[in-house]
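Participant: Predicted structure and sequence below. I'll ask about it afterward.
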Amino acid sequence: MTSRRRAATAPAALTCGAALLVGIACTGGAAAAGDSDGGEGDLAHKSAQQISDDALHQLVAAQSLRLRTRTSTDPTTLDLTLDRAGNCTGAVAKGSLGRVELVKRGNEVWMKPDAAFWKSQLPGDKGDRAAAKYKDTYLHGTTRNAFLRGLSAACDLRAFQKSAAGPDKGQQPPSGAPSPSVTPTLTKGQPTTQDGTRVLPVTKKVDGAVQTLYVAIDGKHYPRKLTAEADHQSATILLSNYGTPVSDRTPPPSRTADISALDDLMRGSQGQQDTQTA
(Lines give C-alpha, C1' and ligand atoms only; values in the text may rest on other atoms or scores of the structure.)
Protein backbone atom coordinates (compact mmCIF):
# COMPACT_ATOMS: atom_id res chain seq x y z
CA MET A 1 0.00 0.00 0.00
CA THR A 2 1.00 3.60 -0.47
CA SER A 3 1.13 4.22 3.27
CA ARG A 4 3.59 1.38 3.81
CA ARG A 5 5.92 2.75 1.13
CA ARG A 6 5.85 6.18 2.77
CA ALA A 7 6.62 4.67 6.16
CA ALA A 8 9.98 3.54 4.80
CA THR A 9 11.16 7.14 4.29
CA ALA A 10 11.95 7.57 7.99
CA PRO A 11 14.63 4.87 8.25
CA ALA A 12 15.91 5.88 4.82
CA ALA A 13 16.50 9.42 6.09
CA LEU A 14 18.31 8.01 9.11
CA THR A 15 20.54 5.81 6.96
CA CYS A 16 21.36 8.76 4.71
CA GLY A 17 22.46 10.74 7.76
CA ALA A 18 24.76 7.95 8.88
CA ALA A 19 26.26 7.73 5.39
CA LEU A 20 27.14 11.43 5.47
CA LEU A 21 28.98 10.96 8.76
CA VAL A 22 30.90 8.01 7.32
CA GLY A 23 31.82 10.10 4.29
CA ILE A 24 33.55 12.77 6.30
CA ALA A 25 35.22 10.34 8.72
CA CYS A 26 36.78 8.05 6.10
CA THR A 27 39.45 10.23 4.52
CA GLY A 28 43.12 9.88 3.75
CA GLY A 29 44.90 13.08 4.75
CA ALA A 30 44.56 15.79 7.37
CA ALA A 31 45.60 19.41 7.55
CA ALA A 32 48.17 20.29 10.17
CA ALA A 33 47.04 21.79 13.47
CA GLY A 34 47.82 25.40 14.22
CA ASP A 35 50.17 26.63 16.93
CA SER A 36 47.75 28.94 18.80
CA ASP A 37 44.46 28.34 20.57
CA GLY A 38 42.45 30.86 18.53
CA GLY A 39 39.30 30.00 20.51
CA GLU A 40 39.57 26.31 19.66
CA GLY A 41 40.27 25.13 23.21
CA ASP A 42 42.07 21.80 23.38
CA LEU A 43 41.20 21.17 19.72
CA ALA A 44 43.79 23.77 18.74
CA HIS A 45 46.63 21.26 18.80
CA LYS A 46 44.76 18.44 17.08
CA SER A 47 44.62 17.84 13.36
CA ALA A 48 41.34 18.03 11.48
CA GLN A 49 41.40 14.24 11.08
CA GLN A 50 41.94 13.71 14.81
CA ILE A 51 39.01 16.01 15.56
CA SER A 52 36.78 14.14 13.12
CA ASP A 53 37.82 10.77 14.58
CA ASP A 54 37.19 11.97 18.15
CA ALA A 55 33.74 13.29 17.23
CA LEU A 56 32.80 10.00 15.61
CA HIS A 57 33.98 8.10 18.70
CA GLN A 58 31.80 10.29 20.93
CA LEU A 59 28.80 9.74 18.66
CA VAL A 60 29.19 5.96 18.63
CA ALA A 61 29.50 5.89 22.45
CA ALA A 62 26.41 8.07 23.08
CA GLN A 63 23.59 6.41 25.03
CA SER A 64 20.95 8.82 23.75
CA LEU A 65 20.64 11.95 21.61
CA ARG A 66 18.32 14.16 19.61
CA LEU A 67 18.50 13.83 15.83
CA ARG A 68 17.08 16.29 13.29
CA THR A 69 17.46 15.90 9.54
CA ARG A 70 16.47 17.78 6.41
CA THR A 71 17.46 17.65 2.77
CA SER A 72 16.67 19.63 -0.36
CA THR A 73 15.96 16.44 -2.34
CA ASP A 74 13.18 14.99 -0.17
CA PRO A 75 10.53 16.69 2.01
CA THR A 76 10.98 14.01 4.70
CA THR A 77 12.33 15.41 7.97
CA LEU A 78 13.07 13.72 11.28
CA ASP A 79 13.03 15.22 14.77
CA LEU A 80 13.58 12.35 17.19
CA THR A 81 15.06 11.86 20.64
CA LEU A 82 16.24 8.25 20.78
CA ASP A 83 18.33 5.89 22.86
CA ARG A 84 20.25 2.63 22.52
CA ALA A 85 17.32 0.66 23.98
CA GLY A 86 15.20 1.55 20.95
CA ASN A 87 12.98 4.06 22.74
CA CYS A 88 12.16 7.39 21.14
CA THR A 89 9.82 10.35 20.97
CA GLY A 90 9.44 12.97 18.27
CA ALA A 91 8.00 13.35 14.80
CA VAL A 92 8.41 12.26 11.21
CA ALA A 93 7.14 14.72 8.60
CA LYS A 94 6.85 14.51 4.83
CA GLY A 95 5.90 18.00 3.70
CA SER A 96 2.38 18.36 2.35
CA LEU A 97 1.79 14.62 2.83
CA GLY A 98 1.58 15.08 6.57
CA ARG A 99 3.30 14.74 9.90
CA VAL A 100 3.20 11.91 12.44
CA GLU A 101 4.09 12.28 16.11
CA LEU A 102 5.81 9.18 17.41
CA VAL A 103 6.32 7.52 20.80
CA LYS A 104 8.11 4.18 21.17
CA ARG A 105 8.80 2.22 24.34
CA GLY A 106 10.24 -1.23 23.85
CA ASN A 107 8.14 -2.91 21.18
CA GLU A 108 5.11 -0.66 21.79
CA VAL A 109 4.51 2.22 19.39
CA TRP A 110 2.08 5.14 19.43
CA MET A 111 1.61 7.36 16.36
CA LYS A 112 -0.52 10.51 16.05
CA PRO A 113 -1.08 11.59 12.43
CA ASP A 114 -2.15 15.12 11.55
CA ALA A 115 -5.02 15.99 9.20
CA ALA A 116 -2.70 16.26 6.19
CA PHE A 117 -1.55 12.67 6.74
CA TRP A 118 -5.09 11.32 6.75
CA LYS A 119 -6.01 13.29 3.64
CA SER A 120 -2.91 12.08 1.79
CA GLN A 121 -3.62 8.45 2.70
CA LEU A 122 -7.38 8.21 2.13
CA PRO A 123 -9.26 9.36 -1.00
CA GLY A 124 -12.14 11.81 -1.11
CA ASP A 125 -13.97 12.68 2.08
CA LYS A 126 -12.63 9.56 3.84
CA GLY A 127 -9.50 11.48 4.74
CA ASP A 128 -11.52 14.37 6.18
CA ARG A 129 -13.69 12.02 8.24
CA ALA A 130 -10.68 10.12 9.58
CA ALA A 131 -8.90 13.39 10.45
CA ALA A 132 -11.94 14.55 12.41
CA LYS A 133 -12.53 11.21 14.13
CA TYR A 134 -8.92 10.69 15.19
CA LYS A 135 -7.96 14.28 15.92
CA ASP A 136 -5.55 14.34 18.91
CA THR A 137 -5.70 10.53 19.04
CA TYR A 138 -2.72 8.19 19.04
CA LEU A 139 -2.94 4.89 17.18
CA HIS A 140 -1.29 2.20 19.30
CA GLY A 141 0.19 -1.18 18.53
CA THR A 142 3.45 -3.09 18.55
CA THR A 143 6.30 -3.57 16.11
CA ARG A 144 4.58 -6.75 14.97
CA ASN A 145 2.45 -4.38 12.87
CA ALA A 146 4.27 -3.79 9.56
CA PHE A 147 3.36 -0.11 9.32
CA LEU A 148 4.47 0.70 12.87
CA ARG A 149 7.62 -1.39 12.43
CA GLY A 150 8.59 0.58 9.31
CA LEU A 151 7.74 3.96 10.81
CA SER A 152 9.59 3.36 14.07
CA ALA A 153 12.71 1.87 12.44
CA ALA A 154 14.22 5.36 12.65
CA CYS A 155 14.22 4.97 16.45
CA ASP A 156 17.13 2.52 16.30
CA LEU A 157 20.08 4.49 17.65
CA ARG A 158 22.31 1.42 17.68
CA ALA A 159 21.77 0.92 13.94
CA PHE A 160 22.50 4.59 13.28
CA GLN A 161 25.72 4.41 15.29
CA LYS A 162 26.79 1.21 13.56
CA SER A 163 26.23 2.80 10.15
CA ALA A 164 28.06 5.97 11.21
CA ALA A 165 31.05 3.92 12.37
CA GLY A 166 31.60 2.75 8.81
CA PRO A 167 30.99 -0.32 6.66
CA ASP A 168 32.19 -3.71 7.82
CA LYS A 169 35.23 -5.18 6.16
CA GLY A 170 34.43 -6.40 2.71
CA GLN A 171 31.33 -4.23 2.27
CA GLN A 172 31.01 -1.48 -0.27
CA PRO A 173 31.44 2.11 1.00
CA PRO A 174 28.20 4.08 1.44
CA SER A 175 26.86 6.26 -1.33
CA GLY A 176 28.62 9.61 -1.27
CA ALA A 177 31.83 8.27 0.31
CA PRO A 178 35.06 8.99 -1.59
CA SER A 179 36.47 6.27 -3.81
CA PRO A 180 39.62 4.48 -2.56
CA SER A 181 41.72 6.32 -5.14
CA VAL A 182 40.70 9.72 -3.76
CA THR A 183 42.38 11.01 -0.60
CA PRO A 184 40.72 14.32 0.25
CA THR A 185 42.17 16.47 3.00
CA LEU A 186 40.18 17.65 5.98
CA THR A 187 40.68 21.31 6.95
CA LYS A 188 39.81 23.19 10.09
CA GLY A 189 37.69 26.33 9.91
CA GLN A 190 37.11 29.17 12.36
CA PRO A 191 35.24 28.61 15.64
CA THR A 192 31.56 29.54 15.51
CA THR A 193 28.37 28.75 17.43
CA GLN A 194 25.57 26.32 16.69
CA ASP A 195 22.39 26.45 18.81
CA GLY A 196 24.35 28.29 21.50
CA THR A 197 27.24 25.79 21.57
CA ARG A 198 30.78 26.71 20.52
CA VAL A 199 31.81 24.49 17.62
CA LEU A 200 34.77 24.05 15.30
CA PRO A 201 33.99 23.23 11.65
CA VAL A 202 35.98 20.54 9.84
CA THR A 203 35.52 20.57 6.07
CA LYS A 204 36.15 18.07 3.31
CA LYS A 205 35.96 18.90 -0.40
CA VAL A 206 36.06 16.24 -3.11
CA ASP A 207 34.67 16.03 -6.65
CA GLY A 208 32.69 19.25 -6.23
CA ALA A 209 31.02 18.09 -3.00
CA VAL A 210 31.54 19.90 0.30
CA GLN A 211 30.89 18.30 3.68
CA THR A 212 31.34 20.20 6.94
CA LEU A 213 31.27 18.64 10.40
CA TYR A 214 30.77 20.99 13.36
CA VAL A 215 32.38 19.60 16.54
CA ALA A 216 31.75 20.87 20.08
CA ILE A 217 34.78 22.73 21.42
CA ASP A 218 33.97 22.59 25.14
CA GLY A 219 33.51 19.40 27.13
CA LYS A 220 33.13 16.19 25.16
CA HIS A 221 33.76 16.78 21.48
CA TYR A 222 30.41 15.65 20.18
CA PRO A 223 29.45 16.16 16.54
CA ARG A 224 26.73 18.83 16.61
CA LYS A 225 25.97 19.48 12.96
CA LEU A 226 26.83 18.10 9.55
CA THR A 227 26.11 19.79 6.25
CA ALA A 228 26.65 18.41 2.76
CA GLU A 229 26.36 20.25 -0.56
CA ALA A 230 26.76 18.83 -4.05
CA ASP A 231 25.22 19.63 -7.45
CA HIS A 232 23.06 22.42 -5.97
CA GLN A 233 21.58 19.98 -3.45
CA SER A 234 22.05 20.06 0.31
CA ALA A 235 21.48 18.03 3.45
CA THR A 236 21.75 18.90 7.13
CA ILE A 237 21.93 16.76 10.26
CA LEU A 238 21.64 18.31 13.72
CA LEU A 239 22.71 16.32 16.79
CA SER A 240 22.12 17.45 20.36
CA ASN A 241 20.86 16.46 23.83
CA TYR A 242 23.55 13.81 24.22
CA GLY A 243 22.94 11.66 27.30
CA THR A 244 19.46 13.09 27.96
CA PRO A 245 17.07 10.22 28.76
CA VAL A 246 14.17 9.66 26.42
CA SER A 247 10.91 10.57 28.16
CA ASP A 248 9.10 7.50 29.47
CA ARG A 249 5.69 9.18 29.25
CA THR A 250 3.23 7.39 26.99
CA PRO A 251 -0.19 8.56 25.78
CA PRO A 252 -3.07 7.74 28.17
CA PRO A 253 -5.64 5.12 27.11
CA SER A 254 -8.26 7.87 26.82
CA ARG A 255 -6.31 9.32 23.88
CA THR A 256 -5.47 6.11 22.05
CA ALA A 257 -7.09 3.80 19.51
CA ASP A 258 -5.89 0.43 18.30
CA ILE A 259 -3.71 0.44 15.17
CA SER A 260 -6.23 -1.93 13.56
CA ALA A 261 -8.33 1.18 12.90
CA LEU A 262 -5.72 2.36 10.41
CA ASP A 263 -5.49 -1.06 8.80
CA ASP A 264 -9.28 -1.19 8.43
CA LEU A 265 -9.37 2.26 6.85
CA MET A 266 -6.57 1.40 4.45
CA ARG A 267 -8.17 -1.89 3.43
CA GLY A 268 -11.51 -0.15 2.87
CA SER A 269 -9.84 2.56 0.80
CA GLN A 270 -7.96 -0.01 -1.31
CA GLY A 271 -11.15 -2.04 -1.83
CA GLN A 272 -13.01 1.04 -2.99
CA GLN A 273 -10.24 1.89 -5.45
CA ASP A 274 -10.22 -1.68 -6.82
CA THR A 275 -14.00 -1.53 -7.36
CA GLN A 276 -13.75 1.77 -9.20
CA THR A 277 -11.00 0.48 -11.52
CA ALA A 278 -12.62 -2.92 -12.18
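Facilitator: Arrived safely.

Participant: Sketch out the low-pLDDT regions of the stretch 1-150 of the chain for me.
Facilitator: 1-37 (pLDDT under 70).

Participant: just the strands in it please.
Facilitator: Under the criterion DSSP state E, counting those that start in this stretch, the stretch 1-150 of the chain contains strands at 29-30, 64-71, 74-83, 88-94, 99-105, 108-113, 138-142.

Participant: all helices for the stretch 101-250 of the chain, in order.
Facilitator: 115-121, 125-133, 146-151, 157-165 (DSSP state H, counting those that start in this stretch).

Participant: helices and strands around the shortest one, which ones?
Facilitator: So the one you mean is helix 146-151. Counting contacts by 3 or more Cβ pairs under 8 Å, 6 or more residues apart in numbering; DSSP states H and E, helix 146-151 is packed against helix 2-7, helix 9-25, strand 108-113. The way it works is simple: take the backbone N, C-alpha and C, and place the C-beta from them, glycine included.

Participant: Pairing partners for the residue lying closest to D114 once chain neighbours are set aside in the sheet, please.
Facilitator: Leaving aside its chain neighbours, D114 sits nearest to R99 (4.8 Å; criterion: Cβ to Cβ, 6 or more residues apart in numbering). Residues in a beta bridge with R99, per DSSP bridges, are A93.

Participant: how much space between R99 and A209?
Facilitator: 30 Å (Cβ to Cβ, to the nearest Å).

Participant: Check A115 too.
Facilitator: A115 sits 38 Å away from A209, going by Cβ to Cβ.

Participant: same thing with A153?
Facilitator: Taken as Cβ to Cβ, the span from A153 to A209 is 27 Å.

Participant: What residues does the closest residue in space to R105 that isn't next to it in sequence make contact with?
Facilitator: Of all residues not flanking R105 in the chain, N87 sits nearest, at 5.4 Å (Cβ to Cβ, 6+ apart). For N87, the contacting residues are 104-106, 155, 246, 248, by Cβ atoms under 8 Å, 6 or more residues apart in numbering.
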